[in-house]
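>>> Curious how this folds, go ahead:
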Amino acid sequence: MRCSWCGDDPLLIQYHDEEFGIPTTDDRKHFEALMLESLQCGLNWKLILRKREIFRKCFDEFDFEKIARYDDSDVARIFNTEGMIRSERKIRAIINNAQKFIEIRNEFGSFHEFVENQDQLTRELKHRGFKFLGESSVTSYLQAVGILNGHEEGCSKFAQ
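Just a heads-up that it's a prediction; the model follows:
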């Protein structure tokens, strides 16, 4: 049994079975999961997963060190990429968030360590200047990286 949100969609089933809720300490995976939630704001999650490879191409596989150095030419390149979400604000938010992500890593040693020690993560991220990350986006991110259990009770992964 799986979470009901998977339905019979192969893409959602694969995401559920191979990624969702599996704990990670890898900061690149944390960054990608957090930025996918940022990109998802106002959009359908299935759309985000369908465009994931485009996002990876546009954002150097979510390499936050590279993204933090992006300039206006990179914003234009990403904005004009076929299939990309046409939101300059979201593109600039990811660049901003990469810079803030690095600041947190420098302060805490890793982003994972920072997240593990936050009771009010959404508030703290906003305080530190992150963009396009509200309460529901942050909760979804925490479920995606296995910090919060996001599986439904009837799901075989719920008790794991």
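>>> got a list of what the residue nearest to Thr81 when sequence neighbours are not counted touches?
The shortest distance from Thr81 to any non-neighbouring residue, by C-beta to C-beta, 6 or more residues apart in numbering, is to Cys58 (5.3 Å). C-beta: built from backbone N, CA, C; applies to glycine. By C-beta atoms under 8 Å, 6 or more residues apart in numbering, Cys58 lies in contact with 77-78, 81, 84.
>>> could you pull out the helices for this protein?
In the chain, the helices defined using DSSP state H lie at 10-18, 27-40, 45-50, 52-58, 64-67, 72-79, 88-108, 111-116, 121-127, 135-144.
>>> Is it possible to get a markdown table of these that adds distance to Ala159?
Conversion of the helices of the chain to a markdown table gives the following (distance: least, C-beta to C-beta, whole Å):
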| stretch | distance to Ala159 |
| --- | --- |
| helix 10-18 | 15 |
| helix 27-40 | 22 |
| helix 45-50 | 24 |
| helix 52-58 | 28 |
| helix 64-67 | 33 |
| helix 72-79 | 41 |
| helix 88-108 | 31 |
| helix 111-116 | 22 |
| helix 121-127 | 24 |
| helix 135-144 | 15 |
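>>> Switch those helices over to JSON lines; also include distance to Phe158 and mean pLDDT.
Converted to JSON lines, these look like this (distance: least, C-beta to C-beta, whole Å; pLDDT from 0 to 100):
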{"stretch": "helix 10-18", "distance to Phe158": "12", "mean pLDDT": "97"}
{"stretch": "helix 27-40", "distance to Phe158": "20", "mean pLDDT": "97"}
{"stretch": "helix 45-50", "distance to Phe158": "19", "mean pLDDT": "96"}
{"stretch": "helix 52-58", "distance to Phe158": "25", "mean pLDDT": "98"}
{"stretch": "helix 64-67", "distance to Phe158": "32", "mean pLDDT": "98"}
{"stretch": "helix 72-79", "distance to Phe158": "37", "mean pLDDT": "98"}
{"stretch": "helix 88-108", "distance to Phe158": "30", "mean pLDDT": "98"}
{"stretch": "helix 111-116", "distance to Phe158": "22", "mean pLDDT": "96"}
{"stretch": "helix 121-127", "distance to Phe158": "22", "mean pLDDT": "97"}
{"stretch": "helix 135-144", "distance to Phe158": "12", "mean pLDDT": "96"}
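>>> I am finished for the moment; much appreciated.
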